[in-house]
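*Asks:* Quick one, structure for this:
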Amino acid sequence: MPWTRWLNEPRTAAYTAAVLSLLAVSETIVRFGGDPATAPDLADRTGSAVVGGGGNSSAIAVALALLTTVPLALAPVHLASSTVLVTLAAVFSLMPFNALTLAGVAAQVAVLHQLAWRGSPFLAATPLPVFLGWAVASLGGDSVWERFVAVALTASAPAAVGFATVGRDRTSARVHSAAAQAVADSLHEHAARGERARIARELHDVVAHHISMISVQAETARLTTAGLPAEGAKRLLAIGDTARAALTEMRRLLGVLREDAGTSGGRRPQPALEQLIELVDDSRDAAGATTRLIVQGRVVPLDPGIGLTAYRIVQEALTNARRHAPGAAVDVELRYTPGGLHVRIRDNGPGPGAGAPGRDGGGGVTRTPGTGHGLVGMHERAAMVGGELTTGAAPGGGFVVEARLPIPATEEPV
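*Replies:* Presented below is the predicted three-dimensional model:
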């Protein structure tokens, strides 16, 4: 808020106008000798033909003092009218009467600041050349007070307009920035929810398969195990019933996620790392660039959820490489360790924050770590299986995606 925000309140503006009016009238009386019948400076400057003598000159000076301050009370409801009245009175006080007071200067500065903040900075700057011209003309005068008032008005009025304009722009920028950030946060959250829903649809098949196997194996054990005690048969029956109930509830909860995934084609099994060679070959053919698959360590069979997550991360990273670094060579590395699977996809393209030549003619396409729906999906996938994922500039140039996915200790190497 500007320092003149008190002019937004009618009561405060009226009190301020009254105080400034009293000060302006008092300054006028003091400047012109205190006797209404004698006003030598004013009479000398205007001449009797204009104002008709000293008494009329004093009356005009007092009237101008009031006109430069009283309209300040209108600022909360009629800022434009208040500014016009105060400015016209100030101009007439300067030329030809030279009766502007310091209180009038304060009122003029206040309304110009408010107009620049709440209205038009251009209109607020309109009277500034007049004030400057009067200040230059007053430098050759004999009155020290006249030169002081000229300097005060010429220095404070442009400063008030300038500060109001800058403050207004900064406030507007903050508001726009906050709105843009809110929109960006909303879009990011929407993208994250969409990715979670898509991931949930894919993992639904994996989880449903495991639960179905529990139910089938429990029923098979109950029906085929010879000499099974009644209590054991009862428990196996309860396991099967619980598995079927869990499967039903899961399908009911995730059924809505499948409504927007229906297609005219048939359903296919979810991919896993066994199809990674085919994915790399397809990427090489589509991009027309070198794409290598590098496998290190002792390969172990993965949980279907882990395999699906690794496949989707590699798939999305290859898609991003083709989009943001066309023609760049890409290495896909899988490193099996006792504690987990490390997936690393690196290209030798321009890297994050650098232009991708040929995309917009000016190198305007950039990649920023942590942005974009694809990166959001990769982060969500890694997190859902207990892993973590990082993206950013690769050492020596290019872009790198690294994921660390856990492998249960019970899995045996092949």
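*Asks:* Now do the same contact list for Arg168.
*Replies:* Ala116, Trp117, Pro121 (Cβ atoms under 8 Å, 6 or more residues apart in numbering). Any C-beta I mention is one placed from the backbone N, CA and C, and that applies to glycine too.
*Asks:* Now do the same for the second one: its pLDDT.
*Replies:* At Trp117 the predicted local confidence, pLDDT, stands at 84.
*Asks:* For the nearest residue to it once chain neighbours are set aside, give me its contacts.
*Replies:* Nearest non-adjacent residue to Trp117, counting by Cβ to Cβ, 6 or more residues apart in numbering: Ala164, 4.2 Å away. Residues in contact with Ala164 (Cβ under 8 Å, 6+ apart) are Pro2, Leu112, His113, Gln114, Leu115, Ala116, Trp117, Pro121, Ala124.
*Asks:* Specify which member of the residues you listed is nearest to Ala329.
*Replies:* Set against Ala329, the nearest of the contacts of Ala164 by Cβ to Cβ is Pro121 (54.8 Å).
*Asks:* Which residues are in contact with that closest one?
*Replies:* Val161, Ala164, Thr165, Arg168.
*Asks:* Just the ones of the residues you listed in helices?
*Replies:* Counted as lying in helices by DSSP state H, out of the contacts of Pro121, are Val161, Ala164, Thr165, Arg168.
*Asks:* before we move on, back to that, what's the PyMOL syntax to select whichever of the contacts of Ala164 are buried?
*Replies:* Burial among these is assessed by 16 or more other Cβ atoms under 10 Å; the matching PyMOL selection reads:
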select buried, resi 2+112+113+114+115+116+117+121+124
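*Asks:* can you put the contacts of Ala164 in TSV and add distance to Leu23?
*Replies:* Below are the contacts of Ala164 laid out as TSV (distance: Cβ to Cβ, whole Å):
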residue	distance to Leu23
Pro2	22
Leu112	19
His113	19
Gln114	19
Leu115	22
Ala116	24
Trp117	24
Pro121	28
Ala124	23
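*Asks:* that older thread, could I get the contacts of Pro121 in a markdown table, plus columns for distance to Val105 and pLDDT?
*Replies:* Output for the contacts of Pro121, formatted as a markdown table (distance: Cβ to Cβ, whole Å; pLDDT from 0 to 100):
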| residue | distance to Val105 | pLDDT |
| --- | --- | --- |
| Val161 | 14 | 86 |
| Ala164 | 16 | 83 |
| Thr165 | 20 | 83 |
| Arg168 | 22 | 82 |
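*Asks:* Looking at these, point me to the pair that's furthest apart.
*Replies:* Val161 and Arg168 (10.6 Å).
*Asks:* intersection of neighbour lists for these two?
*Replies:* Shared contacts of Val161 and Arg168 (Cβ under 8 Å, 6+ apart): Ala116, Pro121.
*Asks:* And the strands in this structure?
*Replies:* 291-296, 330-337, 340-347, 388-393, 399-406 (DSSP state E).
*Asks:* in the stretch 1-150 of the chain, which spans are helices?
*Replies:* 10-31, 40-46, 48-51, 54-67, 79-94, 102-118, 121-124, 128-138, 144-224 (DSSP state H, counting those that start in this stretch).
*Asks:* lowest-confidence stretch among those helices?
*Replies:* Across the helices of the stretch 1-150 of the chain, helix 48-51 has the smallest mean pLDDT, namely a mean of 39.
*Asks:* burial measure for Pro301, as a count.
*Replies:* Pro301: 14 surrounding residues under other Cβ atoms under 10 Å.
*Asks:* And the one 4 residues further on, by the same measure?
*Replies:* When neighbours are defined as other Cβ under 10 Å, Gly305 has 21 of them.
*Asks:* Ok, Gly227 next?
*Replies:* Counted with other Cβ under 10 Å, residues neighbouring Gly227 total 5.
*Asks:* now swap in the one 4 residues further on and tell me
*Replies:* The local packing count at Glu231 equals 8, with neighbours defined by other Cβ under 10 Å.
*Asks:* And the pLDDT for it?
*Replies:* At Glu231, the pLDDT value in this model is 86.
*Asks:* Could you do the one 4 residues further on as well?
*Replies:* Reading off the confidence values, Arg235 has pLDDT 86.
*Asks:* Could you measure from it over to Ala243?
*Replies:* 13 Å (Cβ to Cβ, to the nearest Å).
*Asks:* Please say which of these two ends up with more neighbours.
*Replies:* Legend: neighbour count by other Cβ under 10 Å for Arg235 and Ala243, higher for Ala243 (20 against 14).
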